[in-house]
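Undergrad: how does the following fold in three dimensions:
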Amino acid sequence: MRLALLAWTLAGIWGCASAPPSPVPAPGPTAARPSPAPVATPAATPLVEAPRCPAVTVEVPEVPVGGEDAPVPPVLHDETLAPFFEKVARLLRGQATEHLRIAVYGDSNLTMDFLSGQLRRRLQARHGDAGHGFVALGQPWSHYKHMDVRHGVKSNITSYACSTHPILDHIYGISGIAGESQGLGGRAWVGTARGDAPIGKTASRFEVYYLEGKDRGQFAIEADGKELMRVESEAPELG
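TA: Numbering: from 1, shown residues only. Below is the predicted model of the structure:
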């Protein structure tokens with residue numbers, strides 16, 4: 001949509017005459033007017049400063065550092081974390097209206113989800129269960145297993161990883177893992193936890209991330225053995 005702006009300009013033109021201007025008559029006498037009676041005005045309402053939120057305190061355990069451990073590095077440019085800290089403060093004050101999500105990236109020592117899984121358990125036990133978080137719909141290694149959730153692939157699914165088994169287009173998403181089916185029958189699944197798991201035994205909603213593009217097909221989303229919807233991934237461009 002294009003918008004056209006039409007401006008009208010009015011100009012006044014004044015000319016100068018050669019004759020002298022007419023004399024201005026002297027003003028005549030005017031009667032004195034009494035001063036108006038004073039009017040009472042209400043006093044200005046003093047500004048009241050809004051009460052400030054109490055300071056948020058968090059008990060942070062000391063990180064043990066042994067003789068062979070590298071020192072804990074400082075956080076650089078911590079001002080960029082201001083939006084995250086604001087969300088944390090709202091959560092701690094009981095004023096949060098949306099989930100607080102934390103992404104943890106690591107090397108192979110996080111593939112089994114032991115460190116991040118314990119962190120998830122402690123945070124959810126203290127602040128509430130907002131769901132498991134992201135799980136890749138691919139399993140490039142047998143030891144890629146998250147705690148407090150069941151997941152895997154079946155049949156015609158090929159799993160890729162950016163570090164060990166790269167995919168040709170190098171598109172993985174946020175996990176560095178991709179799952180691809182080139183025929184019928186491929187299945188990737190995620191299920192709630194069982195047994196003595198302290199969290200993850202219920203789920204009320206989920207989101208599915210997939211890649212659109214040319215020469216792609218469709219897939220079905222099922223829950224509890226029932227098909228909920230079919231998704232068409234054919235598109236003119238990658239997205």
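Undergrad: so L123 sits in a helix?
TA: Yes. Using DSSP: H, G, I helix; E, B strand; the rest coil, the assignment for L123 is a helix.
Undergrad: OK, contacts around it?
TA: I102 (C-beta atoms under 8 Å, 6 or more residues apart in numbering). Heads up, the C-betas are built off the backbone N, CA and C, glycines and all.
Undergrad: and it, how far is that from V231?
TA: The gap separating L123 from V231 is 32 Å, by C-beta to C-beta, to the nearest Å.
Undergrad: excluding chain neighbours, what is closest to the residue nearest the centre of the chain?
TA: By C-alpha atoms, centre = their mean, the chain has its centre lying nearest to R101, at 8.0 Å. Distance criterion C-beta to C-beta, 6 or more residues apart in numbering; nearest residue to R101, sequence neighbours excluded, is G133 at 7.0 Å.
Undergrad: where does the prediction get shaky in this structure?
TA: In the predicted model of the chain, residues 1-46 satisfy pLDDT under 70.
Undergrad: for it, which segments count as helices?
TA: 82-92, 114-127 (DSSP state H).
Undergrad: let me have those in CSV, extended by distance to D69.
TA: Output for the helices of the chain, formatted as CSV (distance: least, C-beta to C-beta, whole Å):
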stretch, distance to D69
helix 82-92, 26
helix 114-127, 15
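Undergrad: buried ones in stretch 164-181?
TA: Under the neighbour-count criterion of 16 or more other C-beta atoms under 10 Å, stretch 164-181 has 167, 172, 175, 177-181 buried.
Undergrad: check those residues and tell me the two furthest apart.
TA: Across the buried residues of stretch 164-181, the longest distance by C-beta to C-beta is 17.4 Å; it joins S175 and S181.
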